[in-house]
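*Asks:* Using only what follows, build the 3D model:
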Amino acid sequence: MEVPEAGVVFWILSVVIIVSGMLVVSLKNIFHCALALVVCLFAVAGIYLLLEAEFLAAAQVLIYVGAVAILIIFAVMLTSDLAGGKITQTNENATIAFVACVMFAAGAMFLIKKTRVWDISPSGLSFDNVSAIGKYLMTEFMLPFEVVSVLLLAALIGAVVLARKERS
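*Replies:* Model (predicted):
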């Protein structure tokens, strides 16, 4: 079996990201929106793999898909009012939003065309990214890393306390 070219895989992942991103903001069932977000985040991890950034791909899957998206799904399931119902979407500014999106896309295309070609080294990076990130996390950024972990633990405990039903 022949391995697909990286360009083909990139375009497939790009289409998956765009379609699932559109589904995140357009579906009426909030649980389905959360599932589309998981698909979008997985496809972004695939783009990281194509860029040979394995650590970023693993962090994307572990942190965003494994933690944030699953936390969103649990929050949706715990709030029974939102999980079963449909979200009413009334938008009086659809025309203005469409014009703004077209202007943004035109501006982005103009900037892409105007950008000079970047100097890309064919040899890749000269050092091991994972060990460099680990060194920084355990030396210079140790305090912020630990503060964020304590903050996430406090948020988890708070979510459990709020979601727990009162025993009678």
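*Asks:* how does this protein divide up, domain by domain?
*Replies:* 1-88, 126-168 (automatic domain parsing).
*Asks:* do you know which of the ones you listed lies nearest residue 103?
*Replies:* Checking those against residue 103 by Cβ to Cβ gives domain 1-88 as the closest, at 18.4 Å. Heads up, the C-betas are built off the backbone N, CA and C, glycines and all.
*Asks:* just the helices in the protein please.
*Replies:* 6-26, 30-50, 54-59, 70-78, 80-84, 94-114, 129-138, 142-163 (DSSP state H).
*Asks:* how many other residues sit next to residue 40?
*Replies:* Counted with other Cβ atoms under 10 Å, residues neighbouring residue 40 total 21.
*Asks:* lowest confidence element among the helices and strands of the protein?
*Replies:* helix 80-84 (a mean of 52; mean pLDDT, DSSP states H and E).
*Asks:* which residues sit in contact with the residue nearest the centre of the chain?
*Replies:* Geometric centre of the chain, nearest residue: residue 41, 4.1 Å, by Cα atoms, centre = their mean. Applying Cβ atoms under 8 Å, 6 or more residues apart in numbering to residue 41 gives the contacts 60-61, 64-65, 69.
*Asks:* most neighbours, which of those residues?
*Replies:* Highest neighbour count within the contacts of residue 41, by other Cβ under 10 Å: residue 60, with 21 neighbours.
*Asks:* Just give the nearest non-adjacent residue to it, would you?
*Replies:* Of all residues not flanking residue 60 in the chain, residue 45 sits nearest, at 4.1 Å (Cβ to Cβ, 6 or more residues apart in numbering).
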